[in-house]
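**Q** 3D, please:
(one chain, ligands or ions: 2)
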Amino acid sequence: KHKVIIDTDPGIDDAMAIAYAIAHPDIELLALTTIFGNVRTHEATRNALALLDHWGCDADVAEGEAAPLTIPGNEPSYLVHGRNGFGEVDIPASSRSKHALDAADYIIEASKRYPGEITLCAVGPLTNLARLLERDPEVATRLKAVIVMGGAVHKKGNVTPVAEANIWNDPHAADLVFAASWPLVLAPLDCTMPVVFTPDFMQALAKENPALGTPLAAMAEFYARFYRSHLGLAGCVPHDVMALSWLTVPGAFRLQKGALCVVTDGASIGQTLFQPGGTASRARCFDGRPNHMVMVDTDPQMFLADYMMVMT
Ligand code: BDR
Ligand code: CA
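**A** Numbers count the residues shown, from 1 in each chain. Ligands and ions are numbered 1, 2, ... in the order given. As a prediction, the model looks like this:
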């Protein structure tokens with residue numbers, strides 16, 4: 001089984017990813033660590049606890065950073081994910097408490113308990129991961145893999161013409177995370193945007209597995225309004241689960257290897273720059289950077305078939 005910690009800002013597509021992790025027989029969900037982004041950090045903690053309780057999962061919830069490393073925090077994405085983060089779908093509050101350790105310390109502690117075994121899937125802004133590297137640089141050697149949903153490498157951004165939301169919300173943290181030598185896989189918009197959860201798909205999911213599918217289908221209805229009005233899509237894009245699918249259905253993705261860096265000021269702030277390996281670059285930002293793997297394309301049918309199979 002893959003031992004997984006998800007760093008998350010739930011969030012509708014975050015909820016779709018968390019449900020998949022709970023349902024997957026090959027994933028052992030150790031914890032959710034929380035971060036601002038779609039909602040504020042304390043709301044992300046509340047939502048993480050509520051989802052786990054609702055779906056009968058006793059994984060830990062450790063709360064993360066409340067603000068970006070350097071820039072002032074942006075307003076949460078209430079417009080896209082609803083004021084409660086779940087498209088106004090009510091998930092009852094949990095009576096459980098968050099873990100005594102904060103997110104970074106929790107991950108450090110877990111990496112010592114299971115050295116070389118933990119996959120960290122980050123599906124929100126990367127502030128907790130930057131904090132983790134700052135507190136214990138050796139943590140990079142104790143994690144099995146770090147998979148990040150964020151950025152746009154050959155395609156355009158979703159908050160600005162060049163920036164994707166998770167990177168844009170803390171570009172300095174993302175740049176530190178990409179500069180670190182750890183086994184990192186990036187799932188940018190390039191691999192998430194080809195996939196659409198249509199209303200028919202969500203209804204089929206709700207019919208086959210009402211416990212997981214009914215709340216997700218209701219959330220997807222709200223989420224799809226944004227995709228319809230902004231992009232003309234007939235459904236919504238389940239970005240975050242792609243970070244988990246890399247573990248469980250790697251054949252659905254095409255990868256490229258190369259160095260990554262992030263623009264941290266000016267008009268292009270939050271842009272992810274990708275230099276495929278083996279090609280010379282005159283951009284100094286790549287000097288000394290390790291190569292990472294980048295998921296640049298997806299087979300939507302293979303992805304969708306796997307999601308439906310695991311969830312039902
Ligand atoms: C990412 O931003 C958030 O709004 C989503 O949850 C996802 O993690 C997509 O750009
Ligand atoms: Ca997210």
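
**Q** quick check: buried residues in the helix or strand where Met16 lies?
**A** Counting by DSSP states H and E, the element that carries Met16 is helix 12-23. If you call a residue buried by 16 or more other Cβ atoms under 10 Å, then helix 12-23 has these buried ones: 12-23. Any C-beta I mention is one placed from the backbone N, CA and C, and that applies to glycine too.

**Q** before we move on, what about stretch 256-268?
**A** Applying 16+ other Cβ under 10 Å to stretch 256-268 flags 256, 258-264, 268 as buried.

**Q** what's the answer for stretch 224-240, then?
**A** Along stretch 224-240, these residues count as buried under the neighbour rule (16+ other Cβ under 10 Å): 224, 226-227, 233, 235-240.

**Q** likewise stretch 182-189?
**A** Neighbour-count burial for stretch 182-189, with 16+ other Cβ under 10 Å as criterion, is recorded at 182, 184-189.

**Q** contacts for it, please.
**A** 140-141, 143-153, 155-158, 164, 177-178, 239, 242-243, 246, 255, 260, 272, 292-296 (Cβ atoms under 8 Å, 6 or more residues apart in numbering).

**Q** which of the residues you listed fall in helices?
**A** Judged by DSSP state H, those include 140-141, 177-178, 242-243, 246 as members of helices.

**Q** most neighbours of all those, which one?
**A** Using other Cβ atoms under 10 Å as the neighbour test, the ones in helices among the contacts of stretch 182-189 are led by Ala243, with 30 neighbours.

**Q** and the pLDDT at that one?
**A** Turning to Ala243, the model gives it a pLDDT of 97.

**Q** Trp55 reaches Gly213, doesn't it?
**A** No - proximity of Trp55 to Gly213 does not meet the contact threshold set by Cβ atoms under 8 Å, at 11.3 Å.

**Q** of these two, who's got more company?
**A** Shown here are Trp55 and Gly213; by other Cβ under 10 Å, Gly213 has more neighbours (21 against 16).

**Q** and the angle for the helix or strand containing that one with helix 12-23?
**A** Counting by DSSP H and E, the element that carries Gly213 is helix 210-231. Regarding helix 210-231 and helix 12-23, their directions subtend 150 degrees when assessed with axes from the mean of the first three to the mean of the last three Cα atoms, to 10 degrees.

**Q** name the helices or strands packed onto helix 210-231?
**A** The criterion is 3 or more Cβ pairs under 8 Å, 6 or more residues apart in numbering; DSSP states H and E, and the helices and strands that helix 210-231 contacts are helix 12-23, helix 78-81, helix 199-208.
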